[in-house]
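Trainee: compute the structure for the input listed below.
(2 chains)
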Number of protein chains: 2
Amino acid sequence: MEACDAARPAPFKEILKRFEPEFKRIEAALQRHFSSHISFVNEISAHILFAGGKRLRPLLTVCAARLCGKDGDDPYELSAVPEYLHAASLLHDDVVDAGQMRRGRPPAYKIWGNSPAVLVGDFLYARAIHLASSFGDVRIARAISETVALMSEGEIIQLLHAKNPRFDEETYFKVIDRKTAALISTSCRIGALLGNGSERKVDALARYGLSLGQAFQMIDDVLDYTADTQELGKAVGTDLAEGKVTLPIVKALKEAGPGARKRLISLLGQGLPSKEKLEWVRNLLEATGGIAYTRRKAEALIASACQHLDIFPKTQVREFMKGLARYVLERKK
Amino acid sequence: MEACDAARPAPFKEILKRFEPEFKRIEAALQRHFSSHISFVNEISAHILFAGGKRLRPLLTVCAARLCGKDGDDPYELSAVPEYLHAASLLHDDVVDAGQMRRGRPPAYKIWGNSPAVLVGDFLYARAIHLASSFGDVRIARAISETVALMSEGEIIQLLHAKNPRFDEETYFKVIDRKTAALISTSCRIGALLGNGSERKVDALARYGLSLGQAFQMIDDVLDYTADTQELGKAVGTDLAEGKVTLPIVKALKEAGPGARKRLISLLGQGLPSKEKLEWVRNLLEATGGIAYTRRKAEALIASACQHLDIFPKTQVREFMKGLARYVLERKK
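Mentor: Sure thing, here's the model as predicted:
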């Protein structure tokens, strides 16, 4: 964690405040490009796009571009691309997972039905790729389409392995690399490409994003068991309910005795567990080291993410990106 | 129909035979680019991609490129793009429409479930766009992403107007331009762009494709009432069952007396009609001129499509494209 700790200048909330003008410009770009001629499409798009997302991906695009010397409006325009892709994937994922809650609200498919959610997802994917191809750099368009292919593969692998107690750590990384880390990495990569960064710089930023994205998902998977429902914006235990085998569970299945292991498997994919059952799972994840193991791995990845940035001079933006990496470990939702 | 009739050199089946080598190269390109590392994805992709599709879209890409002087392998590689997009849209549309049959087989969502159909659709969209962006021409990537956005809009407008008896001809064209004609037009456009055709040539080919695509969908909508189920590969009356108001119905609703009008509306979106009811609808569509009106409009569009090609010298390829346009009017499935 040295590369990160050494750079800790102020609490992250204070740093975030300094970046308020950037957030405003990101919101403006998101507003500018998402709209369809069909108001029904806009309504659904807005429901998912403007519901308190963290804007992590656009922020990374802007920061990566800036680290490569690119200022002005273009990074903000481009930054809408990964956020639209993210929104599109959430629309489809909620259909796929039959998710019950998203950012404290019912997901689009529950309000408008499966079909509009699928079709508006398609529309947002197309909008994102269209915007990505408007910068005249085919490398950007290519990175984006490769990422969409990976994201759907990640979801499919996860689907194929639902409730599978033989799901191992290697498969876990196959899933999270594709469904989460690929887009976070690509958010950085396209910013660096827009800034015409050298291959070394593009590579460093993409690797920073990949490690950050892996850690981000791992903390997500921890929070799914340890967070507060109110704060999380969805029910705790959702992954268990949907039969998703995440790293805390992989570890617990490996370390638990045969009785506990059997009981844990029986709870996978059986809908939301009762308070008592969830408490039992949480205790098992603590006792077997599932939570601690996942956190430790995430911390190592964040340290590695920060190290990748050390090829850049120490600027406010670089330090902010390191702060962002640390924030991933600290977040409560 | 002059521009078409004047060029009629031989029955279309004979001409098609002469293009067998082209079809083989198209199939080879389709095989080359669709595969994922995940065999489950390949299985679903293959189910929709290799089930006796007509390959109209790839053929148009190859022909348009050739009319603009582009030979060699590239047109075949590019021609896989619109076919993948088509396959992806079919996967999603069958989920959206709850389609019961596709090319004589149950659709993917009925075999593997909604989620894999949605995700493999996403994967194929991404593969198509990735392939499109590998030609180093952002105009191609842009045309493709614009088309995907239009296709999803078309499906959404159709969904919003299901069972709507006030659906008019203008809205009908809004739907078919987006859901069908846009991709057929784009299949031509990207071929012309690959061939570095002048703006005039690109435009002429895109217009040919648009008219062809509109006529194609209109004949589809006629066949949905007049075809033979065996030949069609799905039940006759499917549009009626799904509540889709197509041009024959628009015309019938306009011309029918109040009693017949009321009965027709009551049959929209009520599942597959009985033989007697379907026969009654078919007779109404004949009596009100719904079928003849739609056919006439399609014929005019095909004539216009052929005229757009008259800026090109009279070559075997040009005549083939005119033959293809005529075939759209003659097809039985």
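
Trainee: quick one: residue A:323 from residue B:176, how far?
Mentor: Going from residue A:323 to residue B:176 by Cβ to Cβ, to the nearest Å gives 52 Å. Backbone N, C-alpha and C define where each C-beta goes, glycine included.

Trainee: likewise residue A:51?
Mentor: Between residue A:51 and residue B:176 the computed distance is 34 Å (Cβ to Cβ).

Trainee: and those two? which has more neighbours close in?
Mentor: A count of neighbours by other Cβ atoms under 10 Å in any protein chain shown puts residue B:176 above the other of residue A:51 and residue B:176, at 24 against 16.

Trainee: tell me, how many residues neighbour residue A:37?
Mentor: Neighbour number of residue A:37 under other Cβ under 10 Å is 9.

Trainee: now swap in residue A:285 and tell me
Mentor: Burial of residue A:285 is recorded as 25 neighbouring residues (other Cβ under 10 Å).

Trainee: give me the element it is part of.
Mentor: helix A:275-287 (DSSP states H and E).

Trainee: what comes up buried for that helix?
Mentor: A:277, A:278, A:280, A:281, A:282, A:284, A:285 (16 or more other Cβ atoms under 10 Å in any protein chain shown).

Trainee: and the residue of the stretch 201-333 of chain A closest to chain B?
Mentor: For the stretch 201-333 of chain A, the residue closest to chain B is residue A:242, as judged by Cβ to the nearest Cβ, at 11.3 Å.

Trainee: and the residue nearest to that residue when sequence neighbours are not counted, how many residues sit next to it?
Mentor: Closest residue in space to residue A:242, ignoring its immediate chain neighbours: residue A:97 at 5.3 Å, by Cβ to Cβ, 6 or more residues apart in numbering or on different chains. Neighbour count for residue A:97, taken as other Cβ under 10 Å: 20.

Trainee: correct me if wrong: residue A:97 contacts residue A:243.
Mentor: No. If you go by Cβ atoms under 8 Å, residue A:97 and residue A:243 don't touch, sitting 9.6 Å apart.

Trainee: after the longest helix along chain A, next one along is what?
Mentor: With secondary structure taken from DSSP state H, chain A has its longest helix at helix A:199-226. Downstream of helix A:199-226, the next assigned helix or strand under DSSP H and E is helix A:229-232.

Trainee: quick one: residues in contact with that next one.
Mentor: A:223, A:224, A:235, A:236, A:332, A:333 (Cβ atoms under 8 Å, 6 or more residues apart in numbering or on different chains).

Trainee: all strands of chain A, in order?
Mentor: Per DSSP state E, chain A carries no strands over any range.

Trainee: low-confidence bits of it, can you list those?
Mentor: Applying pLDDT under 70 to chain A flags residues A:1-12.

Trainee: and residue A:266, how far is that from residue B:217?
Mentor: 51 Å.

Trainee: more neighbours: these two, which one.
Mentor: Between residue A:266 and residue B:217, residue B:217 has the larger neighbour count (other Cβ under 10 Å), namely 24 against 11.

Trainee: which two of the buried residues of helix A:275-287 lie the greatest distance from each other?
Mentor: Pairwise distances across the buried residues of helix A:275-287 (Cβ to Cβ) peak at 12.7 Å, for the pair A:277 and A:285.

Trainee: ok, residue A:263 to residue A:166 distance?
Mentor: Relative to residue A:166, and taking Cβ to Cβ, residue A:263 is found at 17 Å.

Trainee: look at those two and report which has more neighbours.
Mentor: Counted by other Cβ under 10 Å, residue A:263 and residue A:166 do not tie: residue A:263 has more neighbours, with 14 against 9.

Trainee: now the more buried one: closest residue in space, sequence neighbours ignored.
Mentor: Per Cβ to Cβ, 6+ apart, closest to residue A:263 is residue A:280, 7.7 Å.

Trainee: what angle sits between the longest helix of chain A and helix A:275-287?
Mentor: Here helix A:199-226 runs at an angle of 130 degrees relative to helix A:275-287 (axes from the mean of the first three to the mean of the last three Cα atoms, to 10 degrees).

Trainee: how far does helix A:199-226 sit from its chain's centre?
Mentor: For helix A:199-226, the separation from the chain centroid amounts to 8 Å (computed by Cα atoms, centre = their mean, to the nearest Å).

Trainee: so residue A:213 touches residue A:181, yeah?
Mentor: Yes. With contacts counted by Cβ under 8 Å, residue A:213 reaches residue A:181, the gap being 3.1 Å.

Trainee: who's more crowded, those two?
Mentor: residue A:213 (28 against 25).

Trainee: contact partners for the residue in the stretch 151-300 of chain A that chain B sits nearest to?
Mentor: Relative to chain B, the nearest point of the stretch 151-300 of chain A is residue A:152 (3.9 Å; Cβ to the nearest Cβ). Neighbouring residues of residue A:152 by Cβ under 8 Å, 6+ apart: B:119, B:120, B:122, B:123, B:126.

Trainee: need the max-distance pair from the contacts of helix A:229-232.
Mentor: Pairwise over the contacts of helix A:229-232, using Cβ to Cβ, the maximum falls at A:235 and A:332, 15.6 Å.

Trainee: what about the spatially most central residue of chain A, distance to residue B:130?
Mentor: Chain A has residue A:180 as the residue nearest its centroid, 4.8 Å off, counting by Cα atoms, centre = their mean. Computed with Cβ to Cβ, the distance linking residue A:180 and residue B:130 is 20 Å.

Trainee: coming back round to it: tell me which of residue A:235 and residue A:332 has more neighbours.
Mentor: Neighbours per residue (other Cβ under 10 Å) separate residue A:235 from residue A:332, with residue A:235 holding more: 15 against 10.

Trainee: relative to residue B:318, how far out is that one?
Mentor: Taking Cβ to Cβ, one finds residue A:235 at 62 Å from residue B:318.

Trainee: I figured residue A:135 hits residue A:78, correct?
Mentor: Yes. Residue A:135 lies in contact with residue A:78 (Cβ under 8 Å); the separation is 6.3 Å.

Trainee: shared neighbours of these two, which are they?
Mentor: Common neighbours of residue A:135 and residue A:78, counting by Cβ under 8 Å, 6+ apart, are residue A:194.

Trainee: just want to know which of those two has more residues nearby.
Mentor: For residue A:135 versus residue A:78, neighbours defined as other Cβ under 10 Å are more numerous around residue A:78 (27 against 18).

Trainee: how about the helices in the stretch 101-250 of chain A?
Mentor: A:108-112, A:114-132, A:138-160, A:169-176, A:182-194, A:199-226, A:229-232, A:238-242, A:247-255 (DSSP state H, counting those that start in this stretch).

Trainee: number of nearby residues for residue A:200?
Mentor: Residues near residue A:200, counting by other Cβ under 10 Å, number 9.

Trainee: for the stretch 1-150 of chain A, what lies in contact range of chain B?
Mentor: Within the stretch 1-150 of chain A, the residues that sit near chain B (Cβ under 8 Å from any Cβ of the partner chain) are A:36-38, A:40-41, A:92, A:95-96, A:114-116, A:118-123, A:125-127, A:129-130, A:132-134, A:136-138, A:141-142, A:144-149.

Trainee: what's the PyMOL syntax to select whichever of those residues are buried?
Mentor: In PyMOL syntax, the buried subset of the residues of the stretch 1-150 of chain A next to chain B is picked out as below (16+ other Cβ under 10 Å):
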select buried, chain A and resi 36+38+40+41+92+95+96+114+115+116+118+119+120+121+122+123+125+126+127+129+130+132+133+134+137+138+141+142+144+145+146+147+148+149
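
Trainee: what comes into contact with stretch A:59-68?
Mentor: A:19, A:22-23, A:25-26, A:71, A:74-76, A:78-79, A:81-82, A:184, A:187-192, A:194-197, A:201-202, A:205, A:209, A:212, A:309, A:312, A:315, A:317-318, A:320-321, A:324.

Trainee: in it, what's buried?
Mentor: A:59, A:60, A:61, A:62, A:63, A:64, A:65, A:66, A:67, A:68.

Trainee: restricting to C-alpha, output stretch A:131-147 in CSV.
Mentor: Output of stretch A:131-147 as CSV, limited to C-alpha atoms (Å, rounded to 0.1, in the frame of the first residue of the first chain):
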residue,chain,number,x,y,z
LEU,A,131,-20.4,8.9,-29.4
ALA,A,132,-17.1,6.9,-29.1
SER,A,133,-16.8,6.8,-32.9
SER,A,134,-17.2,10.6,-33.2
PHE,A,135,-13.7,11.3,-32.0
GLY,A,136,-12.1,10.1,-35.3
ASP,A,137,-9.9,7.5,-33.5
VAL,A,138,-10.8,3.9,-34.3
ARG,A,139,-8.7,2.7,-31.4
ILE,A,140,-11.3,4.2,-29.1
ALA,A,141,-14.3,2.7,-31.0
ARG,A,142,-12.4,-0.7,-30.9
ALA,A,143,-11.7,-0.6,-27.2
ILE,A,144,-15.3,0.1,-26.5
SER,A,145,-16.8,-2.7,-28.6
GLU,A,146,-14.2,-5.1,-27.2
THR,A,147,-15.3,-4.1,-23.8
